[in-house]
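K.L.:
quick one, structure for this:
(one chain, ligands or ions: 3)
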Amino acid sequence: MSVKVIVGAQWGDEGKGKITDILAEKVDMVVRYQGGNNAGHTVVVGDKTFKLHLIPSGVLYPNCQCVIGNGVVIDPEVFFQELETLKAQHIHVTPRQLFVSSLAHVILPFHKQLDSQQESGRCDQKIGTTKRGIGPAYTDKVSRCGIRVIDLLAKDRLASRIRSRNWPAHLPGITTLDVESVIEKSYELGQRLKPFVVDSSLFINEAIDLKKNIILEGAQGTMLDVDHGTYPFVTSSNPVSGGACMGVGIGPHKIDQIIGVNKAYVTRVGEGPFPTELTDETGEYLCARGAEFGTTTGRPRRCGWLDLVVLRYAIRVNGLTEICLTKLDVLDGLKTIKVCNHYESPQGILKNFPLDLDLFSQCKPVYEELPGWEEDISNITSFDVLPQNAKNYIRYVSEVAGVKISLVSVGSRRNQTIHLLTL
Ligand code: GDP
Ligand code: IMO
Ligand code: MG
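P.N.:
Ligands and ions are numbered 1, 2, ... in the order given. Got it, this is the predicted structure:
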């Protein structure tokens with residue numbers, strides 16, 4: 001039995017969906033612990049591509065139970081749309097497989113409008129949010145005026161909480177939302193959600209007591225964490241491993257492994273500093289080979305070299321026990337591969353991620369250059385047959401970052417995976 005946390009070690013889109021799906025083959029339960037449908041987790045099986053936003057990435061295995069934890073913000077309309085999309089792809093998910101925490105907060109139409117309005121109002125500090133209402137829903141949660149799944153089930157309480165939120169006052173002249181019809185619609189959605197709703201902390205702790213194998217699946221990534229990321233260019237939740245305990249309601253001592261998912265290079269969507277960003281043809285090469293377009297918004301992702309300052313920080317703040325190195329195949333064909341070891345800054349050489357964002361914005365990467373490889377590695381399934389320079393690259397990352405690499409991914413499909421250790 002084991003409880004594993006899967007956490008993004010960069011700015012999201014590291015391949016958490018693929019890694020969760022691979023590991024989910026041998027687990028009983030996958031739980032999402034934060035974020036919402038700002039996430040886009042891709043799982044490719046044969047010629048089918050599944051894009052999961054809210055539903056945990058264990059869903060393709062009929063015997064794997066999937067739970068949306070209390071730390072997630074859930075848009076009920078998106079939840080049902082996602083079930084429909086899965087059904088169209090012949091994945092029939094029932095309330096016997098999928099469970100939703102009664103304490104998860106709900107994204108209402110007003111949150112989405114507010115997200116868009118706030119984005120357009122931030123002149124020089126745009127965050128580039130996904131406009132899914134994530135920030136406003138978490139804001140209401142912390143302000144103690146949010147609506148939870150449990151509230152959707154009690155009509156009087158729902159009505160009084162929605163009325164007291166009084167959003168037309170926050171969106172003067174913009175909202176066309178009628179409060180009473182939102183109450184009706186939310187209640188209706190609550191009735192449809194009802195069969196899926198559980199006391200998720202109880203449910204998950206019982207599974208742990210029964211010695212089940214469980215994955216806690218993070219969304220976004222360490223550098224988008226509202227506490228530990230590049231604030232304010234972050235999301236509004238805690239993707240770091242500590243967020244997993246809060247977001248599912250288990251004690252920290254129940255966690256056995258913390259697996260960081262880390263691309264062999266770095267991408268970022270939205271605004272914010274990114275020292276190793278490449279705006280030249282190498283950046284375009286990575287973007288094109290890696291098909292780096294947002295799973296949720298379709299925006300092109302900014303691409304750059306691997307940043308070991310960021311990786312070491314992710315190892316520290318998450319307590320990573322190992323990493324999965326993904327998208328190594330994207331580096332095929334490069335003569336030289338650069339890796340950032342430390343930064344040059346107005347305060348001298350920095351080996352640790354600086355918490356002052358202004359200083360971080362001025363950091364220049366200092367690179368180590370490693371020889372690349374010509375070969376196509378996307379069909380290799382064993383470390384031994386990788387080109388020597390690819391092996392050297394993997395060893396270099398492991399040694400210099402100071403972390404064990406337990407899996408290397410060389411393509412989006414399940415079999416495009418090199419297991420280095422038994423996870
Ligand atoms: P997530 O949000 O962390 O789950 O990552 P995304 O799904 O948003 O983005 C990762 C993208 O890379 C998806 O299109 C995956 O299918 C794809 N992918 C995952 N692992 C690999 C890999 O090792 N090689 C390549 N070429 N693509 C991969
Ligand atoms: P997955 O789980 C990459 C980014 C947005 C924006 C910032 C805040 O697929 O890795 P938000 O809508 O959360 O308020 O936006 O966070 N962002 C992501 N970037 N992957 C994600 O999820 C992301 N979820 C949010 O682009 O910069
Ligand atoms: Mg993604």
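K.L.:
in a strand, Ile323, correct?
P.N.:
Yes: Ile323 forms part of a strand when assessed by DSSP: H, G, I helix; E, B strand; the rest coil.
K.L.:
what's near enough to touch the residue nearest to it when sequence neighbours are not counted?
P.N.:
In space, and not counting its chain neighbours, Ile323 is closest to Gly260: 4.3 Å by Cβ to Cβ, 6 or more residues apart in numbering. Any C-beta I mention is one placed from the backbone N, CA and C, and that applies to glycine too. Each residue near Gly260 by Cβ atoms under 8 Å, 6 or more residues apart in numbering is listed here: 7-9, 222, 311, 314-315, 318, 320, 322-324, 403.
K.L.:
buried only: go through the residues you listed for me.
P.N.:
Buried members of the contacts of Gly260, counted by 16 or more other Cβ atoms under 10 Å: 7-9, 222, 311, 314-315, 318, 320, 322-324, 403.
K.L.:
quick revisit: what about ligand 2: which of the contacts of Gly260 touch it?
P.N.:
Among the contacts of Gly260, the ones lying near ligand 2 by Cβ under 6 Å from any ligand atom are Gly8.
K.L.:
circling back: restricted to strands, list the buried ones among the contacts of Gly260.
P.N.:
The strands, defined by DSSP state E, take in Val7, Gly8, Glu322, Ile323, Cys324 from the buried ones among the contacts of Gly260.
K.L.:
would you point out the most distant pair within these?
P.N.:
Greatest spatial distance in those: Gly8 and Glu322, 14.3 Å, computed using Cβ to Cβ.
K.L.:
Leu108 is in contact with Ile147, correct?
P.N.:
Yes: taking contacts as Cβ atoms under 8 Å, Ile147 lies within contact range of Leu108: 6.4 Å.
K.L.:
overlap in contacts of these two?
P.N.:
Contacts common to Ile147 and Leu108, judged by Cβ under 8 Å, 6+ apart, are Ile162, Ser186.
K.L.:
how many other residues sit next to Gly304?
P.N.:
21 (other Cβ atoms under 10 Å).
K.L.:
quick check: residues of the stretch 151-300 of the chain near ligand 3?
P.N.:
Residues of the stretch 151-300 of the chain found near ligand 3 (Cβ under 5 Å from the ion) are Thr295.
K.L.:
how near is whatever residue of the stretch 151-300 of the chain ends up closest to ligand 1 to Ser57?
P.N.:
Closest contact between the stretch 151-300 of the chain and ligand 1, by Cβ to the nearest ligand atom, is at Thr295 (3.9 Å). Distance from Thr295 to Ser57, counting by Cβ to Cβ, to the nearest Å: 12 Å.
K.L.:
for ligand 2, what's its nearest residue on the stretch 151-300 of the chain.
P.N.:
Closest point on the stretch 151-300 of the chain to ligand 2, by Cβ to the nearest ligand atom, is Gly270, at 2.2 Å.
K.L.:
any chance of the contacts of Gly260 in a markdown table, with pLDDT too?
P.N.:
Listed next are those as a markdown table, based on pLDDT from 0 to 100:
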| residue | pLDDT |
| --- | --- |
| Val7 | 98 |
| Gly8 | 98 |
| Ala9 | 98 |
| Thr222 | 98 |
| Leu311 | 98 |
| Ala314 | 98 |
| Ile315 | 98 |
| Asn318 | 98 |
| Leu320 | 98 |
| Glu322 | 97 |
| Ile323 | 98 |
| Cys324 | 98 |
| Val403 | 97 |
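K.L.:
from the contacts of Gly260, which single one is nearest ligand 1?
P.N.:
Once Cβ to the nearest ligand atom is applied, the member of those that ends up nearest ligand 1 is Gly8, at 5.8 Å.
K.L.:
what comes up buried for stretch 283-296?
P.N.:
Gly283, Tyr285, Leu286, Cys287, Arg289, Gly290, Glu292, Gly294, Thr295, Thr296.
K.L.:
ugh, typo on my part, it should be stretch 383-403
P.N.:
Per 16+ other Cβ under 10 Å, stretch 383-403 contains these buried residues: Leu386, Pro387, Asn389, Ala390, Tyr393, Ile394, Tyr396, Val397, Ser398, Ala401, Val403.
K.L.:
for His228, give me its contacts.
P.N.:
With Cβ under 8 Å, 6+ apart, His228 has these contacts: Thr222, Asn238, Val240, Tyr313, Val317.
K.L.:
filter the residues you listed to the buried ones?
P.N.:
Thr222, Asn238, Val240, Tyr313, Val317.
K.L.:
which two in these are spaced the farthest apart?
P.N.:
Top of the distance list for those (Cβ to Cβ): Asn238 and Tyr313, 15.1 Å.
K.L.:
count of neighbours near the nearest residue to Leu54 once chain neighbours are set aside?
P.N.:
In space, and not counting its chain neighbours, Leu54 is closest to Asn37: 5.0 Å by Cβ to Cβ, 6+ apart. Counted with other Cβ under 10 Å, the neighbours of Asn37 add up to 25.
K.L.:
ok, Asn37 to Leu52 distance?
P.N.:
Asn37 sits at a distance of 9 Å from Leu52 (criterion: Cβ to Cβ).
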